[in-house]
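Trainee: Need the 3D shape of this:
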Amino acid sequence: MSKYFNPYTDFGFKKLFGTELNKDQWDITNAMEDSEKKGFFKGKEEGEKIGIEKGRADAMREIARTMKQHGDDINYIATVTGLSPDEIKPLQ
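Mentor: Coordinates of the predicted model:
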């Protein structure tokens, strides 16, 4: 009897760590991890786009607010900022 176990013949080793047949499971696991990473980065890019759009909208409202305080016409403000007159009227 050998002092060391043989990973190719030891039943317990194969049961715990698998055999060559389990390589497919590792491939699936790696593919899932890659997909998760891609999904994370895609979500991050979409989140950044949404954040940029919200920032631009906030900036246009701030510009409209300043123009309104200076007495500019609401239709002119709407033309400059791209906001509707209904969006501009409540700004103070």
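Trainee: Past the helix-or-strand element of the chain with minimal mean pLDDT, which element shows up next along the chain?
Mentor: Per-element confidence for the chain was summarised using mean pLDDT, DSSP states H and E. The lowest value among helices and strands belongs to helix 11-17, with a mean of 62. As assigned by DSSP states H and E, the chain's next helix or strand after helix 11-17 is helix 23-69.
Trainee: The helix or strand just after that following helix to helix 23-69, inter-axis angle?
Mentor: Read in the C-terminal direction, the helix or strand following helix 23-69 is helix 74-81, with elements assigned using DSSP H and E. If you take axes from the mean of the first three to the mean of the last three C-alpha atoms, to 10 degrees, helix 74-81 sits at 150 degrees to helix 23-69.
Trainee: what does helix 74-81 contact?
Mentor: Contacts of helix 74-81 with the rest of the structure, by C-beta atoms under 8 Å, 6 or more residues apart in numbering, involve M60, R61, I63, A64, M67, K68, L83, S84, P85, I88, K89. Placement of C-beta: from N, CA and C, glycine included.
Trainee: can you pull the buried residues of that helix?
Mentor: Residues of helix 74-81 classed as buried: I74, I77, A78, T81 (neighbour count, 16 or more other C-beta atoms under 10 Å).
Trainee: what pLDDT, on average, does it get?
Mentor: The predicted model gives helix 74-81 an average pLDDT of 94.
Trainee: packing partners for the following helix or strand past that helix?
Mentor: Past helix 74-81, further along toward the C-terminus, the next helix or strand under DSSP H and E is helix 85-88. Applying 3 or more C-beta pairs under 8 Å, 6 or more residues apart in numbering; DSSP states H and E, one finds that helix 85-88 makes contact with helix 23-69, helix 74-81.
Trainee: No further queries at this time; thank you.
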